[in-house]
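Novice: Take a look and give me a structure for this.
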Amino acid sequence: MRTVISKDGTPIAFDQSGQGPALILVAGALCSRLSWSGPELAKLLAPYFTVYNYDRRGRGDSGDTRPYAVMREIEDIEVLIDEAGGSAYLYGHSSGLLLLLKQP
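Specialist: Okay, here's the model as predicted:
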């Protein structure tokens, strides 16, 4: 597990595996990085991508800063993209997909 610090100072925990172009997995609202299909998906994709599977804020090992705002979750994804070198493919599951639709 590694962490990055989001724009508002919240630590965001993630696992990184594989090699190749960056791919960030965004889980649904009730999932942590270890409680959904993300770890298995990361294992399958690792031969082709550098996979980032992270805990959305307030879940798992990531911190949380109140009040909640969708924009803060988008900023979390942006800091992970920066960590990945400035560009990444994005995969969203359930409400995680909705966050990706808000990406600039």
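Novice: for this structure, longest helix please?
Specialist: Ranked by residue count and defined by DSSP state H, the top helix of the chain is helix 70-83.
Novice: List the buried residues in that one.
Specialist: Arg72, Glu73, Ile74, Glu75, Asp76, Ile77, Val79, Leu80, Ile81, Glu83 (16 or more other Cβ atoms under 10 Å). Heads up, the C-betas are built off the backbone N, CA and C, glycines and all.
Novice: Throw the residues you listed into TSV and include pLDDT and distance to Tyr48, thanks.
Specialist: Shown next, in TSV, are the buried residues of helix 70-83 (pLDDT from 0 to 100; distance: Cβ to Cβ, whole Å):
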residue	pLDDT	distance to Tyr48
Arg72	96	31
Glu73	96	26
Ile74	95	26
Glu75	96	28
Asp76	97	24
Ile77	97	21
Val79	98	24
Leu80	98	19
Ile81	97	18
Glu83	98	19
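Novice: and which of the residues you listed is nearest Asp55?
Specialist: Checking the buried residues of helix 70-83 against Asp55 by Cβ to Cβ gives Asp76 as the nearest, at 9.5 Å.
Novice: That closest one reaches Gly58, doesn't it?
Specialist: No - if you go by Cβ atoms under 8 Å, Asp76 and Gly58 don't touch, sitting 10.5 Å apart.
Novice: now what about stretch 69-86, what contacts it?
Specialist: 4-8, 10, 12, 14, 22, 24, 26, 50, 52, 54, 56-57, 62, 65, 87-88, 90, 99-100, 102-103 (Cβ atoms under 8 Å, 6 or more residues apart in numbering).
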